[in-house]
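Engineer: Here's my sequence, what's the structure:
(2 chains)
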There are 2 protein chains.
Amino acid sequence: MIPTIRWEDNCIYIIDQRNLPREKECLVCHTLQDVITAIKEMAIRGAPAIGVAAAMGLALGSQSIKTGKYGVFRRRFLEMAQQMKSARPTAANLRWAIERMIKLVERMHNKNVEEIKEAVRNESRIILERDIEINLKIGHNGLELIPDRATILTHCNAGALATCGYGTALGIIRAAYEAGKDIHVIADETRPLLQGMRLTAFELMEENIPVTVIVDSAAGYLIRKKMIDLVIIGADRIASNGDVANKIGSYQLAVIAKENKIPFYVASPLSTFDLDLKKGDLIPIEEREPGEVISFAGHQLGPEGVDAFNPAFDITPSRYISAIITEKGVLQSPYKSSIRNLFGARDDRGKDIRGKGR
Amino acid sequence: MIPTIRWEDNCIYIIDQRNLPREKECLVCHTLQDVITAIKEMAIRGAPAIGVAAAMGLALGSQSIKTGKYGVFRRRFLEMAQQMKSARPTAANLRWAIERMIKLVERMHNKNVEEIKEAVRNESRIILERDIEINLKIGHNGLELIPDRATILTHCNAGALATCGYGTALGIIRAAYEAGKDIHVIADETRPLLQGMRLTAFELMEENIPVTVIVDSAAGYLIRKKMIDLVIIGADRIASNGDVANKIGSYQLAVIAKENKIPFYVASPLSTFDLDLKKGDLIPIEEREPGEVISFAGHQLGPEGVDAFNPAFDITPSRYISAIITEKGVLQSPYKSSIRNLFGARDDRGKDIRGKGR
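Structural biologist: So this is what the prediction gives:
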């Protein structure tokens, strides 16, 4: 598997996910702006991967700040952070990574700028390496939820490509497969950008994990026919009450799963939680270009001039969610207290797990 | 609007819906086999239109039977009917139209073959003309269910193109618009063949009825955000208990509508009812080629060799359906008795409404 993102010779190499699996090409980002554009245009996507890209983008950008003065460096770094924050609005990991980088810079106020630049580069490398470790832990923690001979529905791509390797939802699927469980994955194609068809099916086929693609509309039919044992997805942001923002279509899968009494799981690192938000409906939902819906590969699909509405995410209220699998354990209802307990335990030790301890 | 299907100079002209709205081309069918192929390959689709095409196809085929003997004609006609029946399995109207034509041929056992051929041609013309009348009545009957300023979600195409004009679900939408109601339609794109995006949006734009396209996965988001007031779809077959087979994705819309307490309506002529079936799960569900899912306009969308499952319809149990709007009135729960009453009233007069009275 090609790495989602890597730092080499003062450039960031990003596998361009827009044309996978047809073309396996890397984008070379020389500047902060290159990375922001790659995130905006979804050459790199998936909340954890966006977080890593944001950290690496800031590290790259900070190298070009020409000053020996901390104050100047800090001001310029905060401007860059602000630009990066505006790349995409929904994924919590973007802001999480940026804030972690800012805290590092502020902690080092009495160091010289060259030291800070090096620390910033190191920090982005640590975030990347930890991401893979976290996914392995999520995979391990979720393993017990996957019965042998399970048929598992997943939506969009919460795989190696949405992270720095292994994946969250697909991490659990990988762990189950590696543990010798006989599983079959149903991948929703995930219109408009087809991450399920293009990325999830591709990743699973590379590892010989059995996968079948369906259109998003077919999920209900399969669930009602008892052809699916459980649903598992990733997350772009999770509010403090356990409501989950994820790729558009997740909400309706959760409703259908509940209606048909099969489990609906969310796999996510702690960096995706936004404890500042009381509920999911406060999460900003990105609306993307209508063009993503009405044209494909240069083909106009609908009538000339047709109007389209293209929300990229939706909110699944926590009452539809059977469990949230994190690197620190499996959360269950009531989420408000189970989430508070998980994060609170760390707060007792005087650490903000989202800022440092991860 | 180009007519969906017409008879001219002993040929059947079918507007080829596979390339609409990009190309507005007619298929010319010279033989029964041409019509069967057009139905199989979905150049013409939509249960009522399939019914009309089946009747016209048989009428066309019967003209070529070279015999003066009733017995020979009848045997050959029944063979043709059998071929036609196998074109597509789910739409009730196909079988309805074929059986109606067979009954006509059997009633005329003491007539000469040329007379029968003419009667068969006439019968297919009557079925076509009645189809439009029926849609106008459905539109009229459904009118009261559409509030002023309603935003209406529809799936697939139950419009003029799915019928011989006006449409069933879109017939009601047209009637509401013509009655001066301020409505806005949200059209689900309807993967894999995009009938919502290509056909429904096209039809509505031609008549200046406001329409916005969304991906199928976005329906739940809009419904939960209270951006949709009601859902209305067509039907491919309705069992005697009110369970509805319709385009894949209908079931999940119905579940989400119910979960969010908005009405879910089905618009359908009586010819779509299959009183022989006790419940929806007995309706055969067509599985179409994986290629419809994994490639588009010559582009391979997913990885080379990816597996796909492509059921074309699903079943919505009647408990999710707020009302079924027919040309004879609006049916409501309990459907078993309301359907029996509607058809039974005709049976009392010694007529099978599905075979003759329509």
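Engineer: Would you confirm that A:His109 contacts A:Arg74?
Structural biologist: Yes - with contact defined as Cβ atoms under 8 Å, A:His109 and A:Arg74 form a contacting pair (7.5 Å). Every C-beta, even on glycine, is put in place using the N, C-alpha and C of the backbone.
Engineer: Among the two, which residue is more densely surrounded?
Structural biologist: With neighbours defined as other Cβ atoms under 10 Å in any protein chain shown, A:His109 and A:Arg74 compare such that A:Arg74 has more, 19 against 11.
Engineer: secondary structure element for A:Met80?
Structural biologist: Under the criterion DSSP states H and E, the helix or strand holding A:Met80 is helix A:70-85.
Engineer: what's the distance between that helix and the middle of its chain?
Structural biologist: A distance of 24 Å separates the C-alpha centroid of helix A:70-85 from that of its chain, computed with Cα atoms, centre = their mean, to the nearest Å.
Engineer: Show me what that helix is packed up against.
Structural biologist: Using 3 or more Cβ pairs under 8 Å, 6 or more residues apart in numbering or on different chains; DSSP states H and E as the contact criterion, the elements in contact with helix A:70-85 are helix A:32-40, helix A:47-63, helix A:92-107, helix A:113-142.
Engineer: list the contacts for the residue nearest in space to the middle of chain A?
Structural biologist: Centrality entry for chain A: nearest residue to the mean C-alpha point is A:Ala47, 2.2 Å, by Cα atoms, centre = their mean. The contact partners of A:Ala47, by Cβ atoms under 8 Å, 6 or more residues apart in numbering or on different chains, come to A:Ala91, A:Ala92, A:Asn93, A:Leu94, A:Ala162, A:Gly234, A:Ala235, A:Asp236, A:Arg237, A:Ser268, A:Thr272.
Engineer: ranges for the helices of the stretch 151-300 of chain A?
Structural biologist: Taking DSSP state H, counting those that start in this stretch, the helices of the stretch 151-300 of chain A run over residues A:169-178, A:195, A:201-206, A:219-224, A:250-259, A:291-294.
Engineer: Ok, which of those comes nearest B:Ile294?
Structural biologist: Taking Cβ to Cβ as the measure, the helices of the stretch 151-300 of chain A were each checked against B:Ile294, and helix A:201-206 came out nearest at 8.9 Å.
Engineer: picking up where we left off before, which member of the contacts of A:Ala47 is positioned nearest chain B?
Structural biologist: Of all those, A:Asp236 has the smallest distance to chain B: 13.5 Å, by Cβ to the nearest Cβ.
Engineer: Any of the contacts of A:Ala47 buried? List them.
Structural biologist: Among these, those buried by neighbour count (16 or more other Cβ atoms under 10 Å in any protein chain shown) are A:Ala91, A:Ala92, A:Asn93, A:Leu94, A:Ala162, A:Gly234, A:Ala235, A:Asp236, A:Arg237, A:Ser268, A:Thr272.
Engineer: hang on, the earlier thing: do you know how far the residue nearest to the centre of chain A is from A:Ser333?
Structural biologist: Note on A:Ala47: its distance to A:Ser333, by Cβ to Cβ, to the nearest Å, is 22 Å.
Engineer: pLDDT on stretch A:210-227, on average?
Structural biologist: Stretch A:210-227 shows an average pLDDT of 98 in the prediction.
Engineer: buried residues in it?
Structural biologist: Residues A:211-224, A:227 are the ones in stretch A:210-227 that count as buried (16+ other Cβ under 10 Å).
Engineer: out of the residues you listed, which touch chain B?
Structural biologist: When contact is defined as Cβ under 8 Å from any Cβ of the partner chain, those meet chain B at A:211-222, A:224.
Engineer: what sits against A:Asn10?
Structural biologist: Contacts of A:Asn10 by Cβ under 8 Å, 6+ apart are A:Leu60, A:Gln63.
Engineer: circling back to that earlier point, can the buried ones among the contacts of A:Ala47 go into CSV with extra columns for pLDDT?
Structural biologist: Shown next, in CSV, are those (pLDDT from 0 to 100):
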residue, pLDDT
A:Ala91, 95
A:Ala92, 97
A:Asn93, 97
A:Leu94, 98
A:Ala162, 97
A:Gly234, 98
A:Ala235, 98
A:Asp236, 98
A:Arg237, 98
A:Ser268, 98
A:Thr272, 98
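Engineer: mind giving me CSV with those residues and columns for distance to chain B?
Structural biologist: Shown next, in CSV, are those (distance: Cβ to the nearest Cβ, whole Å):
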residue, distance to chain B
A:Ala91, 17
A:Ala92, 19
A:Asn93, 21
A:Leu94, 21
A:Ala162, 17
A:Gly234, 15
A:Ala235, 16
A:Asp236, 13
A:Arg237, 15
A:Ser268, 20
A:Thr272, 19
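Engineer: quick one: which of these is nearest to B:Phe313?
Structural biologist: Distance to B:Phe313 across the buried ones among the contacts of A:Ala47 (Cβ to Cβ) is lowest for A:Gly234, with 30.2 Å.
Engineer: Leaving out the residues flanking it, which one is nearest to the closest one?
Structural biologist: Distance criterion Cβ to Cβ, 6 or more residues apart in numbering or on different chains; nearest residue to A:Gly234, sequence neighbours excluded, is A:Ala158 at 2.7 Å.
Engineer: any idea how far the nearest residue to A:Lys85 once chain neighbours are set aside lies from chain B?
Structural biologist: Nearest non-adjacent residue to A:Lys85, counting by Cβ to Cβ, 6+ apart: A:Ile98, 5.8 Å away. Applying Cβ to the nearest Cβ, to the nearest Å, one obtains 27 Å for the distance of A:Ile98 from chain B.
Engineer: returning to that earlier point: reformat the helices and strands packed on helix A:70-85 as CSV; add distance to B:Gln83.
Structural biologist: Listed next are those as CSV, based on distance: least, Cβ to Cβ, whole Å:
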stretch, distance to B:Gln83
helix A:32-40, 55
helix A:47-63, 54
helix A:92-107, 58
helix A:113-142, 52
